[in-house]
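Peer 1: need a structure here:
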Amino acid sequence: MSAMRGAAAYGRGASAYARVGVESGVMSASPHQLIVMLFDGAIASIRTARIHLEAGNTAEKGKAISKAMDIINNGLMAALDAEKGGEIAGRLASLYDYTVRLLLAANLRNDVESLDQAETILADIAGAWKEIGGQTAAQG
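Peer 2: Model (predicted):
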């Protein structure tokens, strides 16, 4: 029983440590890096959803998909500036909207293909975003 309590305490401590690490990363990140973190979080949530879908764990699959949708809607979509971004921001908004619809379909139909497609779209955009960051860092 004592070992169980110790393991639980360790788990809580490790979780708190991880949260501090994420918070530190967010606090020291540039706006560009924050967007990269949002992409990474959404993609990680989609991968988690796939694992739960394949394991038949419907509740956890739904939570992971909801998290990915939240990151897309309230992070990536909210970060778009239609005024400064113009046509590119509009196209990204359409892609994000489509990705959210794919995630909804994946959740409703337990459709791995929709999850794969959503992940591919986000990974492609994230790759371009990371490349832009590398170029601006090299110029700066």
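Peer 1: Would you point out which residue is most central in this structure?
Peer 2: Computing the C-alpha centroid of the chain and ranking residues by C-alpha atoms, centre = their mean puts Ala42 first, at 1.3 Å.
Peer 1: I'd guessed it sits against Ile72; true?
Peer 2: Yes - under the criterion of C-beta atoms under 8 Å, Ala42 is in contact with Ile72, at a separation of 5.7 Å. Placement of C-beta: from N, CA and C, glycine included.
Peer 1: which residues of this structure score low on pLDDT?
Peer 2: For the chain, the stretches with pLDDT under 70 are 1-28, 134-140.
Peer 1: mind listing the helices in it by residue range?
Peer 2: Across the chain, reading from the start of the chain, the helices by DSSP state H fall at 2-28, 31-55, 58-71, 77-79, 82-109, 112-139.
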